[in-house]
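Asks: sharing a model that was predicted from the sequence below.
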Amino acid sequence: LRQTELLHYQSIETRREEMAKIRHDFNNQLTTALYLTEQGAPAESRELLNQLKDSISSTKEYAWCSNPIVNAILDEKSAVCQQQQVSLQAELDVERDLTIQPVHLCSAFSNLLDNAIRGAAQAPKEQRTISLHAVQDGDFLHIKTENHSLPPERKRRSDGHGYGQQILRDIAQQYHGSFQAEWKDGIYTAVLSLSLTK
């Protein structure tokens, strides 16, 4: 499980590096397009600019907060939410530099959101919403998800699922924090608190 989480984190970092490379080439391609325009080749310039526009659009990230790891996870999971017709609402106050290891931060947000998406996707369409809140309060980072869900005993378990909560408990223990989850009146709530002190 730890190896799977590490691979997930590495794939996100690889994607971010690829996007950074495309952005790096932006100036060179723009300069070439301007040169083509000045040399009386507007059609070629227009074609190059259209290709540039497509490349940049494919790298667009939503700035959920100032932490790039959290942003990458939220970009990934918001796409899954759209596929599952789940509305994701997020209020995040997470700093760029944390004492939490990036792979653990990735694992924390990924597992919380995977569990929430799985539960919300089983709810009636009008109730398919996820509320995600993260805030740094003193020496702790608190992350909370809320979503409509069927009662736990009625949830369908797919092969390979069911380990998310154990991973979250392990992370909480490692960072001298806590993980709590409960289902009440059709709402599933999960709260992960992690100490930021070294």
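Replies: Now that the structure is in, tell me what you want to look at.

Asks: run a quick neighbour tally on I167.
Replies: Per other Cβ atoms under 10 Å, the neighbour tally for I167 reads 21. All C-beta spots, glycine's among them, are computed from the backbone N, C-alpha and C.

Asks: that one against F109, yeah?
Replies: No: assessed by Cβ atoms under 8 Å, I167 is found out of contact with F109, at 11.6 Å.

Asks: look up how far F109 lies from N67.
Replies: 10 Å (Cβ to Cβ, to the nearest Å).

Asks: sorry, wrong one. I was asking about A33.
Replies: Distance check for A33 against F109: by Cβ to Cβ, it reads 39 Å.

Asks: check A181 too.
Replies: Counting by Cβ to Cβ, the gap from A181 to F109 is 15 Å.

Asks: same deal with T197?
Replies: In terms of Cβ to Cβ, T197 sits 20 Å off from F109.

Asks: those two: which is more packed in?
Replies: F109 (26 against 9).

Asks: buried residues in the host helix or strand of the more buried one?
Replies: In the assignment (DSSP states H and E), F109 maps to helix 102-121. The neighbour-count criterion (16 or more other Cβ atoms under 10 Å) identifies 102-113, 115-121 as the buried residues of helix 102-121.

Asks: what's the first helix or strand after the least confident helix or strand in the chain by mean pLDDT?
Replies: None of the helices or strands of the chain scores lower by mean pLDDT, DSSP states H and E than helix 2-24, at a mean of 68. The C-terminal neighbour of helix 2-24 among helices and strands, as given by DSSP H and E, is helix 26-38.

Asks: any idea which element L92 lies in?
Replies: For L92, the enclosing helix or strand under DSSP H and E is strand 87-93.

Asks: that strand - what's its average pLDDT?
Replies: For strand 87-93, mean pLDDT is 95.

Asks: list the buried ones in that strand?
Replies: Buried residues in strand 87-93, counted by 16+ other Cβ under 10 Å: 88, 90, 92.

Asks: can you check stretch 93-100 too?
Replies: Buried positions in stretch 93-100, judged by neighbour count with 16+ other Cβ under 10 Å: 94, 98, 100.
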